[in-house]
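Visitor: everything below, folded, please.
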Amino acid sequence: MKSLSLANGTSVTIQPWTLDMMSSHPTDCLNMLEAFTARIQGRPQLLPDLDTMQMMGRVIRFSLARPEDAGQIQATDLPGLIDAIWEVNRFAELVGVFMKLRLEA
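Guide: Coordinates of the predicted model:
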């Protein structure tokens, strides 16, 4: 878990995703990984569209230890939240494994 200070002075806790969370939101989990690894996959990294913004909102909400804290999050908090989600779930390592498997296939 990781505690993160928000722009309004409060803090939230980001929790690692459990298997149940990933199973409940498989499309959001995969789309988040795809959206944030586009560049290393050789695809252009575009500005987020409506679907990506909605997905990020759902991902942030289910990553919060207390989902009710979502109402305190401001736009300025998004980069730090995404970084924290990436870090607590060790997605850099996971993406490395996926890329290795893809190259070996």
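Visitor: what residues sit buried inside the helix or strand of the chain with the lowest mean pLDDT?
Guide: Least confident helix or strand of the chain, by mean pLDDT, DSSP states H and E, is helix 91-104 with a mean of 79. Judged by neighbour count (16 or more other C-beta atoms under 10 Å), helix 91-104 contains these buried residues: 91, 95. C-beta here means a position set from N, CA and C on the backbone, and glycine is covered the same way.
Visitor: before we move on, what about stretch 61-77?
Guide: 61, 62, 63, 64, 69, 72, 73, 77.
Visitor: between these, which sits nearest residue 30?
Guide: Proximity of the buried residues of stretch 61-77 to residue 30 (C-beta to C-beta) peaks at residue 62, which lies at 14.1 Å.
Visitor: assess the claim that that closest one and residue 22 are in contact.
Guide: No. Look at residue 62 against residue 22 with C-beta atoms under 8 Å: they stay out of range, at 9.7 Å.
Visitor: show the backbone phi and psi for the residue nearest to residue 15 when sequence neighbours are not counted.
Guide: Excluding its sequence neighbours, the residue lying closest to residue 15 (C-beta to C-beta, 6 or more residues apart in numbering) is residue 65, at 4.6 Å. Main-chain dihedrals, residue 65, degrees, to the nearest 10: phi -60, psi -30.
Visitor: and the gap between residue 65 and residue 100?
Guide: Residue 65 sits 31 Å away from residue 100, going by C-beta to C-beta, to the nearest Å.
Visitor: quick one, strands of this structure?
Guide: 2-5, 11-14 (DSSP state E).
Visitor: now do the contacts for the residue lying closest to residue 21 once chain neighbours are set aside.
Guide: Counting by C-beta to C-beta, 6+ apart, the nearest residue to residue 21 once its immediate chain neighbours are dropped is residue 62, at 5.7 Å. By C-beta atoms under 8 Å, 6 or more residues apart in numbering, the residues touching residue 62 are 17, 21, 24, 25, 28.
Visitor: before I go, just wanted to say thanks for your time.
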